[in-house]
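Asker: attaching a predicted model along with its sequence, questions to come.
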Amino acid sequence: MPDEKTFHMTPDEFRRHGHEVVDWIADYYAGIESYPVLSRAEPGQFARVVAIASPSEGRAFRCDSW
């Protein structure tokens, strides 16, 4: 069944994404002094933008979209 759709990552995909996450965390820590200590969000701001239902289709795994 080579045409069967799978939702699992291959070991190579998992490794690549894992490295991307570690790089993102390292970059975050390298510039942590430039981030504000307190949130600048207004009360209820996130509740208005968070989806009520899960998306019907997945999206690409990319650290730069965080």
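Answerer: The structure has been received and is ready for your questions.

Asker: low-confidence ranges in this structure?
Answerer: By pLDDT under 70, the weakly predicted segments of the chain are 1-3, 51, 63-66.

Asker: neighbours of residue 4, how many?
Answerer: Residues within reach of residue 4, counting by other Cβ atoms under 10 Å, total 5. For the C-beta atoms, the positions are set from N, CA and C on the backbone; glycine is no exception.

Asker: please, which helix or strand holds it?
Answerer: In this structure, residue 4 sits in neither a helix nor a strand according to DSSP states H and E.

Asker: how about the contacts made by it?
Answerer: Contacts were defined as Cβ atoms under 8 Å, 6 or more residues apart in numbering; by that measure residue 4 touches no other residue.

Asker: now the element after the lengthiest helix in the chain, going C-ward?
Answerer: Selection of the longest helix in the chain by residue count, based on DSSP state H, yields helix 11-30. Note on helix 11-30: by DSSP H and E, the next helix or strand toward the C-terminus is helix 45-49.

Asker: how distant is that following helix from the center of its chain?
Answerer: Per Cα atoms, centre = their mean, to the nearest Å, the displacement of helix 45-49 from the mean C-alpha position of its chain is 18 Å.
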